[in-house]
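Asker: Quick one: sequence plus predicted model below, questions after.
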Amino acid sequence: MRKRRSNKKNVVSKSDKKILKKEIKKIVGAYNKSPRQQMDLLKAVNELSQNFVRLNSKSDIVPILNDVAAELVGTTTEISSTKEKIVQNSAIKVISEYMLAYLNDIEREIINSSTSKMKLHEKIKKMITEYLNANYFKKILIVTIVDDMIESVYGDEYTLSKYIYEQIFNMTENREELEKFFMIFQTTIDSTDIPDFKIAYRKAIVENEYSRDIICDMWKKLYEFIGEDNCLKIRNSLSMFKSKKTAYNEEFINPIIYALKDSKEYLNEEFKKIEINGKIYYGASISTLEDDNTKFERYVSKLRSLEFTEEADLLYNYLLNNISLLTDKVISEKFTRLNSELFDELVCLNHNKFSQTRIGHIILANPTDNIFDPSGNINFIVSMVMKSIFKMGEVLLINDFEFQEFQKEMLITLQQMSKLRDIETANHQDRVTVYTRILADALKKKKEDGTLEQLILKNKISSDTDYYIVDKEYVRDVVYSASLHDLGKVGIDDEILKSTKKLSHDEYEKMKNHTIFGQQRLSSIVRMSRKKSFLVLAAALAENHHEKWDGTGYPNKKKGFEIPLSARILAVADVYDALRKKRTYKDSLSHEQAMKIIVDGKNKHFDPVIVDIFIENNELLDEAFIKNKTETY
């Protein structure tokens, strides 16, 4: 009888079998002790597969385990929609059942409901936590980009509560009380603006007089916990939060994004491998799925709203027929009536009509050894998880982008509301926006060249300041917001708003309500969106631009740094334009006369540092007034 030839490569020794049996028991035991979610089961299947491969690379059970994993992960995700929705075909289903349910209902939950955007963010955070628990990557970051700037970071965002936690951590050894405090107040801290924190501190700690208010309650609790001196230290450090957050992005996030753009080492279709200072990252970039015509359609709407009907119709015809026929030559010959700003915007739009917008990045940081199989390659389960993370991030980033675009459209709509109601209010808002940009840019430059501190000390300001929050993103948002500062005048009666004589005392008191009306209208939009928005800053600006440095302004008699920086900047711009513009009940003042009134108002009406910025750049404001002057009054 012929002896059966043995295949030594497939033989597993008794000792190896014992080891395998022990490992299987260990894996099964760990799974039984886990929450027994799909991610836990995937992890167990992956570990089983690795152990079988380690002992016998040709084991028949390995393909079976991989099939089980594939069945768990799923094979396809299809999301269908129209122009406003997302069209995707992917190789996987998102692992979590709740995310899968979300994807199936994306038309109803995301595109048509701003409330569900909040739900999406919560689901994303929960999914990131689950992926981290699988111990494949120590950090999973989803970075949103708006106007080439980091807007937010999911997975490792440097929040205000985290910043305050770090301050208190160094002030007390009572860790139990610390954790209890943040369990109660973390959400409140992260949903409150810094100026409101400062006002609540004054009411709760300094004046010791306040109505029931959760922010005041927080300060009282903190006072009992760490004492008055430490509360003051935290209050005085609040304005450094934005700087620390920006520094974090510049030191950690930006270098990874720059390296991602340059990397040519693709791990798969989505992710590239990046190495920085000996650390390994895997990154993927996501661009819009927006069709080429959408931005042109928005521009056509903008032209119509500005009464460039002929140009709007012409451009729309190019859209209907063939947008590629629109050339620089055509623009220069047929769109000559447009002002320089609109003309430049159209040229830029035309040059970029076939390019997509980069809207964000996914970064997988600090990978563990668990992601590799015995051959050193990314194992099957991890590759599926990475695809799932990519699709999850893509959904989030595209919807964030759509929200930002919606905001810009809303900005144009709100501006037109003002213009339709009162043309002079609209012209005033346009000019004030230009002045605000000049002052904000100049303040940012002071910060960047290191001369801001000298200016602060010159004005004998030794308390907490917020000047250092000015960066490129802040200037962008305050310029967007400045054009809406008088939106509340839409709610003022025509007989007062369009009065050709000086207002009586009662009429003036009613006119002052425009600050409250503007804040209410913009805040209601912010609440509906439930998402970070420049409209948050716009609402604060609308409410506070008539407050005065010495506390004699309206509507809330805020003083000093209780008034948001944006409103202190705009206060100077607003008054300057009001002084320069002729009205039926008053003559216009010269640039020199207006400048003297503003300088005399230093430390009384106006922030002294902003007045000094104004003095240094006064000629630019004069030039801007002359260039943008209208004769409607």
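Answerer: Thanks, I have it.
Asker: any idea how far the most centrally placed residue in the chain is from Y31?
Answerer: Centroid-nearest residue in the chain, with Cα atoms, centre = their mean: E151, separated by 3.5 Å. In this view, E151 and Y31 are 39 Å apart by Cβ to Cβ, to the nearest Å. Quick note: C-beta positions are derived from backbone N, CA and C, even for glycine.
Asker: returning to what we had before: I'd guessed the residue nearest to the centre of the chain sits against F401; true?
Answerer: No: with contact defined as Cβ atoms under 8 Å, E151 does not reach F401; the gap is 9.8 Å.
Asker: Mutual contacts of the two, please.
Answerer: The contact sets of E151 and F401 overlap at T144 (Cβ atoms under 8 Å, 6 or more residues apart in numbering).
Asker: and the spatially closest residue to L238 that is not a sequence neighbour, how many neighbours does it have?
Answerer: Once flanking residues are discounted, L238 sits nearest to I194: 5.1 Å by Cβ to Cβ, 6 or more residues apart in numbering. Neighbourhood size, I194 [other Cβ atoms under 10 Å]: 19.
Asker: I194 touches F241, doesn't it?
Answerer: Yes: under the criterion of Cβ under 8 Å, I194 is in contact with F241, at a separation of 7.0 Å.
Asker: for the stretch 151-300 of the chain, what spans make up the helices?
Answerer: 160-169, 175-190, 194-201, 214-226, 228-237, 241-248, 254-262, 293-305 (DSSP state H, counting those that start in this stretch).
Asker: Need the residues that contact stretch 245-255.
Answerer: By Cβ under 8 Å, 6+ apart, stretch 245-255 touches L141, V143, I150, V153, Y158, Y163, I276, I363, D471.
Asker: Oops, could you answer that again for stretch 602-611 instead?
Answerer: Contacts of stretch 602-611 (Cβ under 8 Å, 6+ apart): 439, 443, 455-456, 459, 461, 467, 548-550, 552-553, 563, 568-569, 571-572, 575, 598-599, 601.
Asker: Out of those, which sit inside helices?
Answerer: L439, L443, L455, I456, R568, I569, A571, V572, V575, I598, V599 (DSSP state H).
Asker: ok, which pair from these is furthest apart?
Answerer: Greatest spatial distance among those (Cβ to Cβ): I456 and V575, at 22.2 Å.
Asker: List the contacts of K444.
Answerer: K444 makes contact with V470, D471, K472, Y474, V475 under the criterion Cβ under 8 Å, 6+ apart.
Asker: mind listing which of those residues are in helices?
Answerer: Using DSSP H, these in helices are K472, Y474, V475.
Asker: could you redo those as a markdown table and give each row neighbour count?
Answerer: Shown next, in a markdown table, are the ones in helices among the contacts of K444 (neighbours: other Cβ atoms under 10 Å):
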| residue | neighbour count |
| --- | --- |
| K472 | 14 |
| Y474 | 19 |
| V475 | 18 |
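Asker: quick one: low-confidence ranges for the stretch 151-300 of the chain?
Answerer: 156-157, 195, 209-212, 289-294 (pLDDT under 70).
Asker: L396 is in contact with I142, isn't it?
Answerer: Yes: taking contacts as Cβ under 8 Å, L396 lies within contact range of I142: 6.0 Å.
Asker: picking that back up, apart from its neighbours in sequence, what residue is nearest the residue nearest to the centre of the chain?
Answerer: T144 (4.5 Å).
Asker: One more: F296?
Answerer: F296's closest residue in space is L319 (Cβ to Cβ, 6+ apart), at 5.5 Å.
Asker: what's the burial count for A365?
Answerer: A365, neighbours per other Cβ under 10 Å, totals 19.
Asker: and it, what helix or strand is that in?
Answerer: Taking DSSP states H and E as the definition, A365 sits inside strand 358-367.
Asker: Same check on K502?
Answerer: Here K502 is assigned to no helix or strand, by DSSP H and E.
Asker: I'd like to know how many residues surround it.
Answerer: Counted with other Cβ under 10 Å, K502 comes out at 11.
Asker: same deal with the one 10 residues further on?
Answerer: In terms of burial, K512 registers 16 neighbours under the definition other Cβ under 10 Å.
Asker: residues touching the nearest residue to it once chain neighbours are set aside, list them.
Answerer: Closest residue to K512 apart from its sequence neighbours, by Cβ to Cβ, 6+ apart: Y554 at 5.2 Å. If you count contacts by Cβ under 8 Å, 6+ apart, Y554 has them with K512, T515, H546, E547.
Asker: Sort out for me which of the residues you listed are in strands.
Answerer: Residues from the contacts of Y554 lying in strands, with DSSP state E as the criterion: none.
Asker: about what we covered before: emit the ChimeraX select command for whichever of the ones in helices among the contacts of stretch 602-611 are buried.
Answerer: Typed into ChimeraX, the next command selects the buried ones out of those (criterion: 16 or more other Cβ atoms under 10 Å):
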select :439,443,455,456,568,569,571,572,575,598
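Asker: Pull up the overlap in contacts between I194 and F241.
Answerer: L160.
Asker: Hmm, R568 and L443 touching each other?
Answerer: No: in this structure L443 lies outside contact range of R568 using Cβ under 8 Å: 10.2 Å.
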